[in-house]
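Trainee: Could you work out the structure for the sequence below:
(2 chains)
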2 protein chains.
Amino acid sequence: MKINGQHYRTIWLAQDGWRVVVIDQTRLPFRFETVALGSAEQAADAIRNMVVRGAPLIGATAAYGVALAMRSDASGTALEAALALLGATRPTAVNLRWALERMRRVLVPLAPAARADAAYAEATAICDEDVALCRSIGEHGLPLLREAAARKPAGQPVNILTHCNAGWIATVDWGTALAPIYLAHDAGIPVHVWVDETRPRNQGAALTAYELGAHGVPHTVIVDNAGGHLMQRGQVDLVIVGTDRTTAHGDVANKIGTYLKALAADDNGVPFYVALPSPTIDWTIRDGLADIPIEERAGREVTHVAGPAEDGEIHAVRVVAPGSAVANPAFDVTPARLVTGLITERGVCAASSEGLAGLFPDLARGVAA
Amino acid sequence: MKINGQHYRTIWLAQDGWRVVVIDQTRLPFRFETVALGSAEQAADAIRNMVVRGAPLIGATAAYGVALAMRSDASGTALEAALALLGATRPTAVNLRWALERMRRVLVPLAPAARADAAYAEATAICDEDVALCRSIGEHGLPLLREAAARKPAGQPVNILTHCNAGWIATVDWGTALAPIYLAHDAGIPVHVWVDETRPRNQGAALTAYELGAHGVPHTVIVDNAGGHLMQRGQVDLVIVGTDRTTAHGDVANKIGTYLKALAADDNGVPFYVALPSPTIDWTIRDGLADIPIEERAGREVTHVAGPAEDGEIHAVRVVAPGSAVANPAFDVTPARLVTGLITERGVCAASSEGLAGLFPDLARGVAA
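Mentor: Just a heads-up that it's a prediction; the model follows:
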């Protein structure tokens, strides 16, 4: 997507043809800086320190990290070392392991002299495939926005509420939940996005607001408490969020607070959609509440908030009374009954085992109903 | 209630017998400081600058402000000037106008020489009545916690979720939503409070957490997004919140985000109670969604968060991407259908016109069903 009129992906090859450039997401939204990665170690650091984040982008960065390693030493020992180094950066990221396994499968059978070129080609393919996947999600979601626009009085935008960041900077391009919105905006459909701040890490206020603003999409940031009120007042036409993991029955794990917005949407007759690439469907589990473990993250994310102060420096300020305990569950599960539809790269389906099996008969085979 | 073992109200007479001492709530939770008010001007400043906050405490401070004015000049002109000065500090606070009207009714008929003593006596009565009102709310809510405790395995605390600050520091003592919790704690019933951070002004993380901690009540601060997840996991036994305004049919206006917690409570079979003194019932309106205007507050409350940084100084840091628009509705309306019961100074009733009329036949007379 665009940043101030110029097209970007989140990861690309430098002009020298071998280094890998990424946007330093730890500086967003207050500074736009890029970093050139010249080794597997630098790629691993970028993942570990969240210079890059978002499951698809982490996978792409790891794949390029393997390519960087092969460029300096294409031996089997070096390959295994790079895979181990990169695999240890973010232990729970599914895409990371998937991308590294794919690189291993391609590279192990090759002669060392052929590995570097093959690794760059495979990493590039992983990026291009992710772009195509996200764009397909966008194209399947676009008619929902087009239909919503047709129901609005002329000149009034379609109001979409989103939570957290499921945008292009979490992927290679387009994003998941935001892909239909970018396509609609680029197609001239008037859209306006309510952006949930998304405490505790504020990915909405910082990242979603940044990327929508940079591309020129009208949006308004609200605190996470406000969405229900806006729905009661008819100011939200539909909700679109991403997901970290969807069960075979359509339960959706996503950033903490998603469930509350799904309840409000249900209570006010507002359609609630979840956008997802099929690799995030976990066909082995059915009941999201029973089967998806919820990560408890560091309390400091709750007790402190960081950002630039009047002096221009980034400060972390304490917002919780000293001595008070905090809890920080990072995700919640939205039951399928509250989800109007799942927007996937193959189309939109009901959030149910039947809906998912209809779109993905090849993947759903053998899943117990 | 107690601060580190010592009993406090939020407002009291200084040892000199005439100045009025309040806790400087702009310093909480990071510093505990008191301020002695020696004139109506100082009382007005304290209200305007939110040194004191919470409708009952604002009313009490204004009443004492009138007494301070009468002490230096008890003429009719001075009385009207003090009423005007204090009345202009927070235009929307209902208790403020109510307290000033009460002072006017008492003082106008008196000879100037009698006004100062009468004003102090009336301000003290207003405080004592508020303490009694809040304590009654606590006593009527206490059985709900006692019954919840009886249903828990031995030794496990009753988990109560609350939103915003409806505690003793918003009143003269006890608070509204927190009054039953303090009474339960003091009676030896094990309680634990989930404290919603309550963005954008963080009254939960700052004030509710502070006062619970100072009194020794176990509690845990969570982001506003987390409550639904906790209810799904059975970690909330009941919800108690306060209210700014309740309609004659039991709809409840309270801090933005309350409605989302009421939806989650309803979805998970968790009782949802609202604690309120009867003066906050607006008998003239029925449909909260249609009839209660919602204040839109300054965007800076959303874009910036303030607190002490590592350098010990208070900084306001920006958390929203530069250039992004923000919206800041301050309250929402929870429909009566989501409210399990209203805890008032006369008892607990259903959130309905019948429920309210049953407890308050004297006040409900003439209200259209």
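Trainee: Run through the residues of the stretch 101-250 of chain A sitting next to chain B.
Mentor: Residues of the stretch 101-250 of chain A lying near chain B by CB under 8 Å from any CB of the partner chain: A:194-195, A:197-200, A:202, A:205-207, A:209-210, A:212-213, A:218-230, A:232. From N, CA and C alone the C-beta is placed, and that goes for glycine too.
Trainee: Now do the closest residue to A:Val106 other than its chain neighbours against chain B, distance only.
Mentor: Of all residues beyond its chain neighbours, the one nearest A:Val106 is A:Glu122 (4.9 Å), with distances taken as CB to CB, 6 or more residues apart in numbering or on different chains. From A:Glu122 over to chain B the distance is 35 Å, taken as CB to the nearest CB, to the nearest Å.
Trainee: per-residue confidence averaged over the strand or helix carrying A:Glu122?
Mentor: Assigned by DSSP states H and E, A:Glu122 falls within helix A:112-151. The pLDDT scores in helix A:112-151 average 98.
Trainee: Over to stretch A:68-87?
Mentor: Stretch A:68-87 comes out at a mean pLDDT of 98.
Trainee: burial count for the residue nearest to A:Val106?
Mentor: Per other CB atoms under 10 Å in any protein chain shown, the neighbour tally for A:Glu122 reads 20.
Trainee: any idea of the angle the helix or strand harbouring A:His192 forms with helix A:112-151?
Mentor: Assigned by DSSP H and E, A:His192 falls within strand A:191-196. Between strand A:191-196 and helix A:112-151, the angle comes out at 110 degrees (axes from the mean of the first three to the mean of the last three CA atoms, to 10 degrees).
Trainee: Tell me which residues are up against strand A:191-196.
Mentor: A:145, A:149, A:157-164, A:181, A:184-185, A:204-205, A:208-209, A:212, A:217-224, A:226-227, A:230, A:235-236, A:257, A:261, B:324, B:327 (CB atoms under 8 Å, 6 or more residues apart in numbering or on different chains).
Trainee: pretty sure A:Val158 contacts A:Pro190?
Mentor: Yes: if you go by CB atoms under 8 Å, A:Val158 and A:Pro190 touch, sitting 6.8 Å apart.
Trainee: Looking at these two, which one has more neighbours?
Mentor: Just comparing A:Val158 and A:Pro190: by other CB under 10 Å the higher neighbour count belongs to A:Val158, 23 against 15.
Trainee: coming back round to it: hey, what's in contact with both of A:Val158 and A:Pro190?
Mentor: A:Ala149.
Trainee: Are any of the contacts of strand A:191-196 buried, and if so which?
Mentor: A:145, A:149, A:157-164, A:181, A:184-185, A:204-205, A:208-209, A:212, A:217, A:219-224, A:226-227, A:230, A:235-236, A:257, A:261, B:324, B:327 (16 or more other CB atoms under 10 Å in any protein chain shown).
Trainee: Among the residues you listed, name the ones in helices.
Mentor: A:145, A:149, A:181, A:184-185, A:209, A:212, A:227, A:230, A:261 (DSSP state H).
Trainee: Looking at those residues, which is nearest chain B?
Mentor: Of all those, A:Ala209 has the smallest distance to chain B: 3.9 Å, by CB to the nearest CB.
Trainee: Give the ranges of residues in chain A that sit below the confidence cut-off.
Mentor: A:366-369 (pLDDT under 70).
Trainee: ranges for the helices of it?
Mentor: For chain A, the helices defined by DSSP H cover A:40-48, A:55-72, A:76-87, A:94-107, A:112-151, A:179-186, A:203, A:209-215, A:227-232, A:258-267, A:288-291, A:300-303, A:353-359, A:361-364.
Trainee: relative to helix A:94-107, how tilted is the fifth one?
Mentor: It refers to helix A:112-151. 140 degrees.
Trainee: which parts of helix A:112-151 are buried?
Mentor: Buried residues in helix A:112-151 (16+ other CB under 10 Å): A:115-116, A:118-120, A:122-124, A:126-127, A:130-131, A:133-142, A:144-145, A:148-149.
Trainee: Nearest to chain B within the stretch 251-369 of chain A, name that residue for me.
Mentor: A:Gly257 (2.7 Å).
Trainee: For the stretch 251-369 of chain A, which residues are neighbours of chain B?
Mentor: Residues of the stretch 251-369 of chain A found near chain B (CB under 8 Å from any CB) are A:255-257, A:259-261, A:263-264, A:267, A:289, A:294, A:302-311, A:314-329, A:331-333.
Trainee: From the residues you listed, list just the buried residues.
Mentor: By 16+ other CB under 10 Å, those give A:255-257, A:259-261, A:263-264, A:267, A:289, A:294, A:302-309, A:315-321, A:324-329, A:331-333 as buried.
Trainee: From the chain's centre, how far out is the helix holding A:Glu122? Work that out for me.
Mentor: Chain-centre distance of helix A:112-151: 13 Å, with CA atoms, centre = their mean, to the nearest Å.
Trainee: Stretch A:172-188 now?
Mentor: The answer for stretch A:172-188 is 13 Å, by CA atoms, centre = their mean.
Trainee: what's the answer for stretch A:81-95, then?
Mentor: 18 Å.
Trainee: Quick check, A:Ala99 in contact with A:Leu57.
Mentor: No: contact criterion CB under 8 Å: A:Ala99 and A:Leu57 do not qualify, at 10.4 Å.
Trainee: ok now do A:Val252, which residues does it touch?
Mentor: A:241, A:243, A:245-246, A:258, A:274, A:288, A:333-334, A:336, A:339, A:351 are the contacts of A:Val252 under CB under 8 Å, 6+ apart.
Trainee: buried residues in stretch A:34-47?
Mentor: Buried, per 16+ other CB under 10 Å, within stretch A:34-47: A:35, A:37-40, A:42-44, A:46-47.
Trainee: and what of stretch A:231-239?
Mentor: Here stretch A:231-239 shows A:231-232, A:235-239 as buried, counting by 16+ other CB under 10 Å.
Trainee: Which two of these have the greatest separation?
Mentor: A:Gln232 and A:Leu238 (15.3 Å; CB to CB).
Trainee: Against A:Gly288, how distant is whichever residue of the stretch 101-250 of chain A sits closest to chain B?
Mentor: Here the stretch 101-250 of chain A gets closest to chain B at one residue, A:Asn225, 2.7 Å apart by CB to the nearest CB. A:Asn225 is 24 Å from A:Gly288, where distance means CB to CB, to the nearest Å.
Trainee: returning to what we had before: report the contact partners of the nearest residue to the residue of the stretch 251-369 of chain A closest to chain B once chain neighbours are set aside.
Mentor: Distances taken as CB to CB, 6+ apart place B:Asn225 nearest to A:Gly257, at 2.7 Å, with adjacent residues excluded. For B:Asn225, the contact set (CB under 8 Å, 6+ apart) comprises A:198-199, A:224, A:255-257, A:260, A:332.
Trainee: go with 6 Å
Mentor: Neighbouring residues of B:Asn225 by CB atoms under 6 Å, 6 or more residues apart in numbering or on different chains: A:224, A:256-257.
Trainee: hang on, A:Ser353 packs against A:Asp251?
Mentor: No: look at A:Ser353 against A:Asp251 with CB atoms under 6 Å: they stay out of range, at 10.6 Å.
Trainee: Tell me, how many residues neighbour the closest residue to A:Ala364 other than its chain neighbours?
Mentor: Sequence neighbours aside, A:Ala357 is the residue nearest to A:Ala364 in space, at 3.9 Å (criterion: CB to CB, 6+ apart). Using other CB under 10 Å, A:Ala357 is surrounded by 18 other residues.
Trainee: With A:Ser353 instead?
Mentor: For A:Ser353, using other CB under 10 Å, the count is 19.
Trainee: again with the one 10 residues further on
Mentor: Taking other CB under 10 Å as the neighbour definition, A:Leu363 ends up with a count of 15.
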